[in-house]
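Colleague: Sequence first, predicted model second:
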Amino acid sequence: MSAEQNRPIVVSGPSGAGKSTLLKRLFEQYPDKYGFSVSHTTRAPRSGEEDGREYNFTTVESFKKLVDDDGFIEHAKFGSNFYGTSVQAVKSVAEKGRICILDIEMEVRSTVYSMWYQERTTLTRTQGVKQVKKSDLNARFLFLQPPSVEVLEKRLRGRATDKEEAIKERLAQAEKEIEYSKQPGVHDRIIVNDDLEKAWAEFREFCVGT
Ligand SMILES: Nc1ncnc2c1ncn2[C@@H]1O[C@H](COP(=O)(O)OP(=O)(O)OP(=O)(O)O)[C@@H](O)[C@H]1O
């Protein structure tokens, strides 16, 4: 398959919408068909990590240059290190014969910096989708929507991975994201994740095409 046929798929949606759940199934059922891009980082490699495998390890100077050259789809700073997804890294996945899945979602990693990250998250997420659209990646866009903010809240609580403050932030963020998704032309498909099996059937159909 040529790179043109392996069009990347951008999966976005609020935290708790079910992206990981559906992507896990996709990767389990089609282990050789999909892939994630290798991110850039300015942090030092840890023992056993290989450049180009876990991360593309880079210097702050090169990282900043790539930012200036519009080479990143999204990037952020966590602690003192920069991280980013480059357009080239996404292309490399297609060149290796796989469809790159872009989960354009940033984890809120710290409650201490939550306000900052929340702002950062909003910025990078919106920019992320726009950056992909602006690039020559020819991606397809899928938005995973929770049935309602109330159901989302129940699921986030049921998942029991987030602190109260983080849940509140995620819900506020979710409302903004759902609003943004309503703009015409932003997404090729919106899937409401109400019944998981129904959502999976639609998700699979969008990704695999059958
Ligand atoms: N259709 C569904 N019905 C009920 N529960 C669901 C459904 N889909 C997902 N869940 C549950 O909702 C929770 C959130 O799902 P998941 O972790 O996949 O969301 P996410 O979008 O990947 O979130 P994040 O962006 O924070 O990683 C999980 O506990 C998951 O098992």
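Modeller: Perfect, thanks for sending it. Here the structure is a predicted model, which means the values were calculated and not measured. Numbering: from 1, shown residues only.

Colleague: alpha carbons only for contacts and neighbour counts from here, please
Modeller: Fine.

Colleague: Let's verify P45: helix, strand, or coil?
Modeller: At P45 the chain is in coil, as set by DSSP: H, G, I helix; E, B strand; the rest coil.

Colleague: So what's the residue count around the residue lying closest to it once chain neighbours are set aside?
Modeller: Distances taken as C-alpha to C-alpha, 6 or more residues apart in numbering put F57 closest to P45, at 7.0 Å, once the chain neighbours are dropped. Here the number of neighbours of F57 (other C-alpha atoms under 10 Å) works out to 21.

Colleague: and F57, how far is that from the ligand?
Modeller: 24 Å (C-alpha to the nearest ligand atom, to the nearest Å).

Colleague: Name all residues that make contact with that residue.
Modeller: Neighbouring residues of F57 by C-alpha atoms under 8 Å, 6 or more residues apart in numbering: H40, T41, T42, R43, A44, P45, D51.

Colleague: for it, which residues make a bridge with it?
Modeller: With DSSP bridges applied, F57 shows beta-bridge pairing to T41.

Colleague: quick one: it from E28, how far?
Modeller: With distances taken as C-alpha to C-alpha, to the nearest Å, F57 is found 28 Å from E28.

Colleague: Just the buried ones among the contacts of F57, please.
Modeller: Buried residues within these, counting neighbours by 16 or more other C-alpha atoms under 10 Å: H40, T41, T42, R43.

Colleague: which residues touch the first one?
Modeller: Under the criterion of C-alpha under 8 Å, 6+ apart, the contact partners of H40 comprise Y55, N56, F57, T58, F63, F82, Y83, G84, T85, S86.

Colleague: Apart from its neighbours in sequence, what residue is nearest the last one?
Modeller: It stands for S86. Per C-alpha to C-alpha, 6+ apart, closest to S86 is F72, 4.1 Å.

Colleague: Point out the residues in this protein that sit beside the ligand.
Modeller: 14-21, 105, 155-156, 158-159, 193-196 (C-alpha under 6 Å from any ligand atom).

Colleague: redo that, cut-off 8 Å
Modeller: For the chain, the residues in contact with the ligand (C-alpha under 8 Å from any ligand atom) are 13-22, 105-107, 144, 152, 155-156, 158-160, 193-197, 199.

Colleague: what ranges do the strands span in the protein?
Modeller: Using DSSP state E, the strands of the chain run over residues 9-12, 34-35, 39-41, 55-57, 72-78, 81-86, 99-103, 140-145, 189-192.

Colleague: Paired strands for the longest one, with orientation please.
Modeller: Within its sheet, strand 72-78 is paired with strand 81-86 (antiparallel), according to DSSP bridges.

Colleague: Check the average confidence over the strand it pairs with, would you?
Modeller: Averaging pLDDT along strand 81-86 yields 90.

Colleague: pLDDT wise, what is the residue of the chain positioned farthest from its centre at?
Modeller: Taking C-alpha atoms, centre = their mean, the residue of the chain most remote from its mean C-alpha position is S47, at 26.6 Å. Among the per-residue scores, S47 holds a pLDDT of 95.

Colleague: How about the one 4 residues further on?
Modeller: As predicted, D51 sits at a pLDDT of 97.

Colleague: what is it paired to in the beta sheet?
Modeller: Y55.

Colleague: ok, now which ones touch the closest residue to I191 other than its chain neighbours?
Modeller: What sits nearest to I191 in space, not counting adjacent residues and going by C-alpha to C-alpha, 6+ apart, is L144, at 5.1 Å. Applying C-alpha under 8 Å, 6+ apart, we find L144 in contact with V11, S12, G13, P14, A17, G18, K19, I190, I191, V192, N193.
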